[in-house]
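# structure, please.
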Amino acid sequence: MTIEQIYTGCLAQGAYYITSNGEAAIIDPLREVQPYLDRAAADGVKIKYIFETHFHADFVSGHLDLSQKTEAPIVFGPTANPAFTAIIAHDGEEFKLGNITIKALHTPGHTMESTVYLLRDENGKDHAIFTGDTLFLGDVGRPDLAQKSETVTQEELAGKLYDSLMNKIMPLADNVIVYPAHGAGSACGKNMSKETVGILGEQKATNYALNQPNKEAFIIAVTDGLQAPPAYFPLNVAMNKNGYESLDTIINRGNKPLSADELTLILEITDAIVLDTRTPAEFALGHIPRAINIGITGDFAPWVGALIHDTTQPIVLITTHDKLNESIIRLARVGFDNVLGHLENGFDTWKNADKETDTVNRISAAQFEQEYTANSPVLDVRKDGEYATEHIATAQHLTLSDINNWFAQVDNNTTNYIHCAGGYRSMIAASILKARGVHNFKEVDGGYNAIKNTTLPKAAGLSPCSIK
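Purely as a prediction, here's the structure:
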């Protein structure tokens, strides 16, 4: 028996590859399935089952493509009602995989169909649980993501989650290994550990949610402080439940090279977004007017999902040749499948065609220090915790994730200064402001990591006028 966690850092997501005696199972696969096929071929095993812990909200699973390529059935837990053929396991149903057994434990709460899979080894001993979004290390799944598709409230779901954990998970032995679907950085929880594999006994002892005195306290604890989920979450749920285009089709479409004139025509007749995946430094030096910069080197897919609210939005990519397929795949992971093509040879093609270009006024922290006055409008686009730890004393806290709600407040008649922690998020903000017609600002290279070494006045704590 082998168990391998295949972890994708930009989504903070763990898929699992399990083998026993010539057979394999995949749990919660990512959209791109070729790595699983390659792994199974190299190991000389046949993929027998594809297990899904629930209808994921934060990414589009590869279950359909993987099933089509392997003929392995997709398994969901009780109450799931997908629009495609799947095995709907009953609570306690067991699946043989080589010499081991995988048992479905229905654990409603995060969603109604949520299911934990208990792996029993060759000797019939409980070995590990694949907990999906039911139990994380340090946290449990948020109970508010099913509200758009279910008739129960988040409090009712939290109560069901409590029952699931107490009745199905807590009775298991302390030495059972916990393999969750996510780690720190995922929006599916609020207090997840950076560790991605743990032991159940540790969670019983340290997980705040598992240590509440009763159900009522549990409901309050797990529903307190939940931030609004990204707008693309319900769209991903729908794709995972109802189906989607093959990733091969999406990659082929996105690989279409476009000339500068062809791109100009697309922008004239469609509402396509020009998505520039180059580095912030490259984007600052020159870009297509109204292009949005979300660098492929950072948390690309989650930021696309947070800021572009329609997964069907047509997209044209500005990227380098070696990053083209990666850009298409990472967009598809969060359901942005409508990539119409890419500007052939990237931004140089646009520039060499004598098309209009734009730049971002990017300055160093030292220059910012020289120009700063107490009246300078400073826009800090970091997260709450970062801002609360320390910030420029006069800075206004305007989180990047809510820029579509606050950009109209920016005074275009005075020079604004924008920063994040290092420059990745502030360049995203800069590109969106420019696309919205706001140009009178300077973006601080190096962000607060550089600013903290200056003599600029600093403070701590959250501002009561912050926009989250």
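
# residue 194 contacts residue 183, doesn't it?
Yes: the pair residue 194 and residue 183 qualifies as a contact (Cβ atoms under 8 Å) at a distance of 6.3 Å. Glycine gets a C-beta too; all of them are placed from N, C-alpha and C.

# and the two? Which one has more around it.
Neighbour count, other Cβ atoms under 10 Å: between residue 194 and residue 183, residue 183 has more, with 23 against 10.

# distance of the nearest residue to residue 263 once chain neighbours are set aside from residue 293?
The spatial neighbour of residue 263 that comes closest, neighbours along the chain excluded (Cβ to Cβ, 6 or more residues apart in numbering), is residue 343 at 5.6 Å. The gap separating residue 343 from residue 293 is 14 Å, by Cβ to Cβ, to the nearest Å.

# repeat that for residue 190.
29 Å.

# ok, now residue 403?
13 Å.

# likewise residue 249?
Distance, residue 249 to residue 293, using Cβ to Cβ: 27 Å.

# so which of these two has more stuff around it?
Between residue 249 and residue 293, counting by other Cβ under 10 Å, residue 293 is the more crowded of the two (26 against 11).

# wait, doesn't the more buried one sit right on residue 283?
Yes: assessed by Cβ under 8 Å, residue 293 is found in contact with residue 283 at 4.2 Å.

# what's opposite residue 23 in the beta bridge?
Beta-bridge partners recorded for residue 23 (DSSP bridges): residue 20, residue 46.

# could you number the chain from 323 rather than 1 from now on?
Sure, I'll start counting at 323 from here, so that last one is residue 345.

# residues contacting it?
Contact partners of residue 345, counting by Cβ atoms under 8 Å, 6 or more residues apart in numbering, are 367, 368, 369, 370, 419, 420.

# try residue 672
Counting by Cβ under 8 Å, 6+ apart, residue 672 has contacts 582, 585, 610, 640, 665, 679.

# can you tell me the closest non-neighbouring residue to the last one?
Of all residues not flanking residue 679 in the chain, residue 608 sits nearest, at 5.1 Å (Cβ to Cβ, 6+ apart).

# what's the burial count for residue 698?
Residue 698: 17 neighbours (other Cβ under 10 Å).

# how near is the closest residue in space to it that isn't next to it in sequence to residue 716?
Spatially, and ignoring its direct neighbours in sequence, residue 698 is nearest to residue 739 (5.9 Å; Cβ to Cβ, 6+ apart). Residue 739 is 10 Å from residue 716, where distance means Cβ to Cβ.

# neighbour-wise, which of the two wins?
With neighbours defined as other Cβ under 10 Å, residue 739 and residue 716 compare such that residue 739 has more, 21 against 16.

# the strand or helix carrying that one: partners in the sheet, and parallel or antiparallel?
In the assignment (DSSP states H and E), residue 739 maps to strand 738-741. Sheet pairing of strand 738-741 (DSSP bridges) gives strand 700-702 (parallel), strand 763-766 (parallel).

# need the overlap of contacts for residue 739 and residue 716.
Joint contacts of residue 739 and residue 716 (Cβ under 8 Å, 6+ apart) are 698, 700.

# residue 756 is in contact with residue 682, isn't it?
Yes: using Cβ under 8 Å, residue 756 is in contact with residue 682, at 7.3 Å.

# of these two, give the one with the bigger neighbour count.
Between residue 756 and residue 682, counted using other Cβ under 10 Å, the more crowded position is residue 682 (24 against 20).

# against residue 513, how distant is residue 546?
11 Å.

# neighbour count winner among these two?
residue 513 (16 against 8).

# could you pull up phi and psi at that one?
phi -140, psi 40 (degrees, to the nearest 10).

# how about the contacts made by the closest residue to it other than its chain neighbours?
Once flanking residues are discounted, residue 513 sits nearest to residue 461: 4.3 Å by Cβ to Cβ, 6+ apart. By Cβ under 8 Å, 6+ apart, residue 461 lies in contact with 511, 512, 513, 514, 515, 529, 530, 531.

# redo these as CSV? Include secondary structure and pLDDT.
Formatted as CSV, the contacts of residue 461 follow (DSSP: H, G, I helix; E, B strand; the rest coil; pLDDT from 0 to 100):
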residue, secondary structure, pLDDT
511, coil, 78
512, coil, 77
513, coil, 79
514, coil, 87
515, coil, 88
529, coil, 96
530, helix, 96
531, helix, 96
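
# coming back round to it: was I right to think the residue nearest to residue 698 contacts residue 762?
No: counting by Cβ under 8 Å, residue 739 does not reach residue 762; the two are 10.7 Å apart.
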